[in-house]
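Visitor: Just a sequence and a predicted model for now, questions to come.
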Amino acid sequence: MKFAHLSDLHLGKHLNQYSLLEDQEYILNQIITIIREQSVEAVLISGDIYDRPVPPGEAVSLFDDFLAELAADKLPVCIISGNHDSPERIAFASRLIAASGVYLAPVYQGEIQPVRLTDQYGPVNFYMLPFIKPVHIRHFFPEEEAGTYTDAIRSAIAHMNVDWKERNILLAHQFVTGASRSDSEDISVGGLDNVDADVFDGFDYVALGHLHRAQNVGHGKIRYCGTPLKYSFSEVKDEKSVTIVNVEEKGTISMNTIPIVPLRDMVCLEGEFREVMDASFYENVDTDAYIRMTLTDEMEVLDAFSRLRAVYPNLMRMDYKKRSRNLESGMGEMETAASLLPSELFERFYQEMNHQPMNEEQMEYMQEKIQKIWGV
């Protein structure tokens, strides 16, 4: 069975106050063309359909058009909610819509029934696990240990009652330890949301969403397909694509990627103001791209941003090289903070502000609030 793996559409997203809806419509149309050309038999969408829980009407209409095209081709579509989605809104009318071959993951209730499709080798089971936290597992299975995200996912899988002799595909939306992040993602301080890759052992393929850079994690059967568009300047060098997976008999799987080309690319440029405003420079540049401009002038240029916009109409960001160096010097502190648990960060903050460590009662109170806020 051949299927397309998509995720993190983030429909309705704005970047630096630019609406990306036109770009998203363009890329979805291109994806439909690829799906048809590749003779795909099913489509998996692993969360973050929208950029926020209550998406704008235009984003909902765009996704409706996309699903209508796939349904018209009689393609089964499996969809889960991500951390940016409202699981209740994604699951709305799921039982009615399933009649058209579009399967929407219900709000997690402690068990998951697979979507069962068949091909010449027999059944293929698609397990749709929406984004969950340890608090969800503790709610439905209070007797089980679910102190970490790894515990939570392990428990959720255990309650799926998977027949491991059959071919089984998992859709999930989590951060797997060791994967590479980009700047456009939500980052959990201290790696609280990390999930160990070994919890997915046994699945023939794990179609992940959440991270925006296409990559395999662990072995080749655990994969983030990445976003269809670049959503931050840290992704400038990334190549966006559609992941096509072919599952044959049990234990035989192959995949390839089909490049997708955006309506407007994302580009970083650098130079002195007079240089980047000269025709000899910008004639060799895609001036319609979304651009981050770094000026190397020693002195600030008067009204530089609006003057640059006359040549680069989609200029999103402008900074100066000397300021960039100052920002980079602070990266060590940011990386250190990202590696600490919230409790450790707060302890350091408290001691710095009060010139004394927290007492035992204060520590217990802090841990209680962290557990309530992060659900761990």
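Guide: Looks like it came in fine.

Visitor: all strands of the stretch 201-350 of the chain, in order?
Guide: Assigned strands in the stretch 201-350 of the chain, in chain order: 205-209, 215-216, 222-224, 241-247, 253-259, 266-271, 290-295, 315-320 (criterion: DSSP state E, counting those that start in this stretch).

Visitor: and K165, what does it touch?
Guide: Taking Cβ atoms under 8 Å, 6 or more residues apart in numbering as the definition of contact, the neighbours of K165 are K250. Placement of C-beta: from N, CA and C, glycine included.

Visitor: looking at the strands of the stretch 201-350 of the chain, which is buried most?
Guide: Per-stretch averages of neighbours, counted by mean count of other Cβ atoms under 10 Å, single out strand 205-209 among those, with a mean of 29.

Visitor: how much distance is there from that one to the middle of the chain?
Guide: In terms of Cα atoms, centre = their mean, to the nearest Å, the centre of strand 205-209 is found 11 Å from the chain centre.

Visitor: Taking strand 241-247 as reference, get the angle to it.
Guide: Relative orientation of strand 205-209 with respect to strand 241-247: 160 degrees, computed using axes from the mean of the first three to the mean of the last three Cα atoms, to 10 degrees.

Visitor: and for strand 205-209, what are the contacting residues?
Guide: Under Cβ under 8 Å, 6+ apart, the answer for strand 205-209 is 5, 7-8, 44-48, 80, 82, 169-174, 176, 200, 217, 221-225, 245, 247, 253.

Visitor: one more time with 6 Å, if that's ok
Guide: When contacts are defined by Cβ atoms under 6 Å, 6 or more residues apart in numbering, strand 205-209 is touched by residues 5, 7-8, 44, 46-48, 82, 169-173, 200, 221-222, 224, 245, 253.

Visitor: just stretch 94-110 next, same as before
Guide: The contact list for stretch 94-110, computed with Cβ under 6 Å, 6+ apart, reads 67, 71, 76-80, 87-88, 90-91, 115, 128, 130, 132, 136, 140.

Visitor: Look at E69 and report its pLDDT.
Guide: At E69, the pLDDT value in this model is 96.

Visitor: The strand or helix carrying I35: which residues count as buried?
Guide: Under the criterion of DSSP states H and E, I35 resides in helix 21-37. Buried residues in helix 21-37, counted by 16 or more other Cβ atoms under 10 Å: 21, 23-28, 30-32, 34-35.

Visitor: Drop anything exposed from the contacts of stretch 94-110.
Guide: 67, 76-80, 87, 90-91, 115, 128, 130, 132, 136.

Visitor: tell me the contacts of L9?
Guide: By Cβ under 6 Å, 6+ apart, the contact set of L9 is I49.

Visitor: repeat for F63
Guide: With Cβ under 6 Å, 6+ apart, F63 has these contacts: L11.

Visitor: Kindly provide the distance from it to I27.
Guide: Look at F63 and I27: by Cβ to Cβ, to the nearest Å, they are 13 Å apart.

Visitor: And for E368?
Guide: With distances taken as Cβ to Cβ, E368 is found 45 Å from I27.

Visitor: Let me see the ranges of the helices in the chain.
Guide: 21-37, 57-72, 87-90, 94-97, 134-140, 149-158, 273-276, 279-282, 304-309, 321-329, 331-338, 342-354, 360-374 (DSSP state H).

Visitor: lowest-confidence stretch among those?
Guide: Confidence, taken as mean pLDDT, is least for helix 331-338 of the helices of the chain (a mean of 48).

Visitor: in stretch 102-113, what's buried?
Guide: If you call a residue buried by 16+ other Cβ under 10 Å, then stretch 102-113 has these buried ones: 102-106, 108, 112.

Visitor: Dump these to CSV, plus distance to E58 and pLDDT.
Guide: Compiled in CSV, the buried residues of stretch 102-113 are given as follows (distance: Cβ to Cβ, whole Å; pLDDT from 0 to 100):
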residue, distance to E58, pLDDT
V102, 20, 97
Y103, 25, 97
L104, 20, 97
A105, 24, 97
P106, 26, 95
Y108, 28, 96
I112, 32, 95
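
Visitor: Would you format the buried residues of helix 21-37 as a markdown table with distance to L263 included?
Guide: Shown next, in a markdown table, are these (distance: Cβ to Cβ, whole Å):
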| residue | distance to L263 |
| --- | --- |
| L21 | 11 |
| D23 | 5 |
| Q24 | 9 |
| E25 | 9 |
| Y26 | 4 |
| I27 | 7 |
| L28 | 11 |
| Q30 | 9 |
| I31 | 13 |
| I32 | 15 |
| I34 | 15 |
| I35 | 19 |
